[in-house]
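**Q** Quick one: sequence and predicted model below, then my questions.
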Amino acid sequence: MITPLFHGPIAVIGAGTMGIGIAQVAAQSGHSVLLFDVNGEAVGQALENLRTRQHQRVEAGKAEASTTEAMLQRITQVNSLHALAPCGLVIEAIVEQLEAKQNLFQQLESICSNQTLFASNTSSLSITAIARVLSVPQRMAGLHFFNPAPLMKLVEIVQGLDTSLQTVATLKTLVTNWKKQPVVCRSTPGFIVNRIARPFYAEALRALEEQIATPATLDAILKESGGFAMGPLQLMDLIGHDVNYAVTESLFHAFHGDPRFQPSLQQKELVDADHLGRKRGRGFYVHDIKKKDTQPQPKIEPKQSKTQKQPVRIKATGNWTALPHFVALLQKPELQQYGIIFEENKNDRFHSPTLQIDDVLLALTKGRTCAQIADEVRAPVMQFDLSANHQTASIITLSAACQNTPQQTTKVIGFLQSLGKQVIHLPDYPALLTMRTVAMLCNEALDVINKSIASAEDIDLAMCHGVNYPIGPLAWGERLGWKHILSTLENLQKFYGEPRYRPAPLLRQLAAGHTQLPLPLAKSHKKGDIHAK
Ligand code: NAI
């Protein structure tokens, strides 16, 4: 017989967006659930909506009538906190206010048994601070679900300063039994996902502020080329700029004004104007179903005619091991005529995978502008952006040195189009967009490891399951090589003269080969909805 993790039903407090979802998850796994909300009508309404949604699923043949009915029967509305006395676990999903949560758990301590575990679904408050008011803070942890809780696989288990290892272990087993993916982290601002994801938004916002491209073009780069499930600006419109801005601002304050988390003034303008995104019909985009067909499109280079001159000679230099998909692309049968040889030149100062297309050097960006490199090598230079998969991506992003002749740049664009790619030609922007975003995601992830907040494995699992990244940032860094990430950030730091891009100490050690990350890391995950903040 399996020993139960705890005795008695599970209490869920707060029947809002998250509470009802968590109640459903627990009931689906066979637990009796007692649901309480200060607003009794809110519980009735939430249960009614759940019933309607589940019956629709049964009618659509997506769920079985008997299991659905049994699940709904397991959730009981209660009208007083005292009714929660027999519960073995209480999960709180009430309003996001420290005092309200502290008051609630203080009351529960006098109602429930000493063995009852307490969990908070807070997304921004300190678990340590909530547990401060308890006489047994060891039994309290964070259980951070993502929205919608029944669909999102990730649950962050947050360990406060006094949370016991036993509490963490029990919650981890419980979450696994619920067929969710648990990850463990210490109670720090943003936990894992909402902290590490900041640069995904911040770098796109900066590019927009610097007028590098339109929102549709920037989103297309990260989605179609970077491999992310949604573009960052589109995603912020979906999350709501009030919510997304508030999370960034709270991290900025929590980290004592660290420029890595500096909120964007352009996003603040949207908040001030009440252009909050999809829920207001306007954010970076206009969200009008009637105008669905007239959505702004990315700026793609016009397709060149077949009579356009093709390159005569192509040679590959630098280390291409980090770009296996690009190598596969270069091995297409139609390129056999060039007989491309991969020559790693040990004296190559750039060490970036580079194609010599006639007289033009086309290199993977590493944080310097094309013009800077062209000054140095006295040759025409172009750079391409990082991609999760250069072979399957429909778009490739390029920039060119101002020293190039238009013909030189055009020839390279035409060559990439002949490989079946749509080309986005950005201004000469250091580290383009996907590279700078991924480098900053890696940097943040390494800072989280360095400060013992979470393990490398849990970080990549969290980013793949919580926000559907195509590759965990750490697996991506490993694949690309830490030296490349370090050079990118050092070059960006030099270019802007800002501490925002300062490399994490662990990145320097990894790049020098003085330490290694434990393997294996989570590699990829199927695409789906993303609902982080
Ligand atoms: P919500 O506003 O939809 O629901 C909150 C519910 O709690 C309301 O029904 C309210 O009547 C009830 N409530 C307020 N004070 C109470 C009290 N003292 N005792 C009992 N019930 C009380 O809020 P939502 O979005 O469900 O968020 C709940 C918690 O989950 C917050 O801590 C939030 O930060 C967190 N969270 C929210 C996510 C989201 O996407 N909405 C995602 C992950 C976490």
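**A** Great, that's in hand.
**Q** Just the element for the residue lying closest to residue 161 once chain neighbours are set aside, please.
**A** Spatial nearest neighbour of residue 161, chain neighbours left out: residue 128 (4.4 Å); criterion: C-beta to C-beta, 6 or more residues apart in numbering. In short, each C-beta sits where N, CA and C put it, glycine included. Remark: residue 128 resides in helix 127-131, with elements defined by DSSP states H and E.
**Q** again, but for residue 487
**A** Using DSSP H and E, the element containing residue 487 is helix 482-496.
**Q** what about the very next helix or strand once past that helix, average pLDDT?
**A** Downstream of helix 482-496, the next assigned helix or strand under DSSP H and E is helix 505-511. Averaging pLDDT along helix 505-511 gives 97.
**Q** Give me the residues contacting helix 505-511.
**A** With contacts defined as C-beta atoms under 8 Å, 6 or more residues apart in numbering, helix 505-511 is touched by 442-443, 446-447, 449-450, 477, 482-483, 485-486, 489, 515-517.
**Q** domain ranges for this protein?
**A** When the chain is parsed into structural domains using the TED database, the resulting residue ranges are 10-187, 314-425.
**Q** just to revisit the earlier point, and the helix holding residue 128, which residues are buried?
**A** Within helix 127-131, the residues that qualify as buried are 127, 128, 130, 131, counting by 16 or more other C-beta atoms under 10 Å.
**Q** Among those, give me the pair with the biggest separation.
**A** 128 and 130 (7.5 Å; C-beta to C-beta).
**Q** joint contacts of the two?
**A** Common neighbours of residue 128 and residue 130, using C-beta under 8 Å, 6+ apart, are residue 160.
**Q** what's the farthest-apart pair in the contacts of helix 505-511?
**A** So for these, where distance means C-beta to C-beta, the most widely separated pair is 489 and 516, at 19.5 Å.
**Q** Among those two, which residue is more densely surrounded?
**A** Comparing residue 489 with residue 516 by other C-beta atoms under 10 Å, the one with more neighbours is residue 489, at 26 against 11.
**Q** sorry, back to before: ok, the residue nearest to residue 161 to residue 121 distance?
**A** 16 Å (C-beta to C-beta, to the nearest Å).
**Q** Mind pulling the model confidence for the closest residue to residue 264 other than its chain neighbours?
**A** Nearest residue to residue 264, sequence neighbours excluded (C-beta to C-beta, 6+ apart): residue 205, at 3.9 Å. For residue 205, the model assigns a pLDDT of 98.
**Q** How about residue 374?
**A** 96.
**Q** sec struct for it, please.
**A** Secondary structure for residue 374, judged by DSSP: H, G, I helix; E, B strand; the rest coil, is helix.
**Q** can you check residue 91 too?
**A** Strictly by three-state DSSP, residue 91 counts as strand.
**Q** Contact partners for the closest residue to it other than its chain neighbours?
**A** Leaving aside its chain neighbours, residue 91 sits nearest to residue 119 (4.8 Å; criterion: C-beta to C-beta, 6+ apart). Residues near residue 119 by C-beta under 8 Å, 6+ apart: 89, 90, 91, 92, 140, 141, 142, 143, 171.
**Q** Mind putting these into a markdown table with neighbour count?
**A** As requested, the contacts of residue 119 are exported to a markdown table (neighbours: other C-beta atoms under 10 Å):
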| residue | neighbour count |
| --- | --- |
| 89 | 25 |
| 90 | 26 |
| 91 | 25 |
| 92 | 25 |
| 140 | 28 |
| 141 | 27 |
| 142 | 27 |
| 143 | 24 |
| 171 | 25 |
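**Q** Those into TSV, with extra columns for pLDDT?
**A** Converted to TSV, those look like this (pLDDT from 0 to 100):
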residue	pLDDT
89	98
90	98
91	98
92	98
140	98
141	98
142	98
143	98
171	98
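**Q** nearest to the ligand, of the residues you listed?
**A** Of all the contacts of residue 119, residue 92 has the smallest distance to the ligand: 7.6 Å, by C-beta to the nearest ligand atom.
**Q** show me what contacts the closest one?
**A** 13, 14, 101, 104, 105, 118, 119, 120, 121.
**Q** Need the max-distance pair from the residues you listed.
**A** So, the contacts of residue 92 by C-beta to C-beta: farthest apart are 14 and 118, at 13.6 Å.
**Q** The nearest residue to residue 30 once chain neighbours are set aside: how many residues sit nearby?
**A** Using C-beta to C-beta, 6+ apart and skipping the chain neighbours, the partner closest in space to residue 30 is residue 74 (7.5 Å). Other residues within reach of residue 74, judged by other C-beta under 10 Å, total 19.
**Q** Spit out the contact partners of residue 74.
**A** Applying C-beta under 8 Å, 6+ apart, the residues contacting residue 74 are 27, 30, 31, 32, 33.
**Q** measure the residue lying closest to residue 405 once chain neighbours are set aside to residue 403 for me?
**A** Counting by C-beta to C-beta, 6+ apart, residue 380 is the residue found nearest to residue 405 once chain neighbours are left out, at 7.2 Å. Using C-beta to C-beta, residue 380 is found at 7 Å from residue 403.
**Q** Now list whatever residues contact both of these two.
**A** With C-beta under 8 Å, 6+ apart, residue 380 and residue 403 have common neighbours residue 374.
**Q** Looking at the two, which is more packed in?
**A** When residue 380 and residue 403 are compared for neighbours, residue 380 comes out ahead with 23 against 15, by other C-beta under 10 Å.
**Q** wait, isn't the more buried one in contact with residue 406?
**A** No: counting by C-beta atoms under 8 Å, residue 380 stays clear of residue 406, with 10.7 Å between them.
**Q** mind checking the SS state of the residue in the stretch 101-250 of the chain positioned nearest to the ligand?
**A** Nearest residue of the stretch 101-250 of the chain to the ligand, counting by C-beta to the nearest ligand atom: residue 147, 3.4 Å away. At residue 147 the chain is in coil, as set by three-state DSSP.
**Q** For it, grab the count of nearby residues.
**A** Neighbours of residue 147 using other C-beta under 10 Å come to 16.
**Q** For residue 356, which three-state class applies?
**A** When classified by three-state DSSP, residue 356 comes out as strand.
**Q** Could I get the contacting residues of the closest residue to residue 113 other than its chain neighbours?
**A** Leaving aside its sequence neighbours, residue 113 sits nearest to residue 85 (C-beta to C-beta, 6+ apart; 7.7 Å). Counting by C-beta under 8 Å, 6+ apart, residue 85 touches 111, 112, 113.
**Q** give me phi/psi at residue 85?
**A** Dihedral pair for residue 85: phi -50, psi -40, per degrees, to the nearest 10.
**Q** Over to residue 143?
**A** Main-chain torsions, residue 143, degrees, to the nearest 10: phi -130, psi 90.
**Q** What residues are recorded as beta-bridge partners of the closest residue to it other than its chain neighbours?
**A** Nearest residue to residue 143, sequence neighbours excluded (C-beta to C-beta, 6+ apart): residue 119, at 3.8 Å. For residue 119, the beta-bridge partners under DSSP bridges are residue 91, residue 141.
**Q** next one: residue 184
**A** Per DSSP bridges, the residues bridged to residue 184 are residue 157.
**Q** Quick check: it touching residue 453?
**A** No: the pair residue 184 / residue 453 is not scored as a contact, 9.7 Å apart, by C-beta under 8 Å.
**Q** Give me the residue ranges of the stretch 151-300 of the chain where confidence is low.
**A** 293 (pLDDT under 70).
**Q** That one: helices as residue ranges?
**A** Remark: helices assigned in the stretch 151-300 of the chain by DSSP state H, counting those that start in this stretch are 165-177, 193-196, 198-209, 215-220, 232-239, 241-254, 265-272.
**Q** Using CSV, lay out those helices together with distance to residue 497.
**A** Conversion of these to CSV gives the following (distance: least, C-beta to C-beta, whole Å):
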stretch, distance to residue 497
helix 165-177, 42
helix 193-196, 25
helix 198-209, 14
helix 215-220, 24
helix 232-239, 24
helix 241-254, 20
helix 265-272, 19
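**Q** Of the ones you listed, which is nearest residue 314?
**A** Nearest of those (C-beta to C-beta): helix 215-220, 26.7 Å.
**Q** and the spatially closest residue to residue 255 that is not a sequence neighbour, how many neighbours?
**A** Sequence neighbours aside, residue 261 is the residue nearest to residue 255 in space, at 5.5 Å (criterion: C-beta to C-beta, 6+ apart). Other residues lying near residue 261 total 24 when counted by other C-beta under 10 Å.
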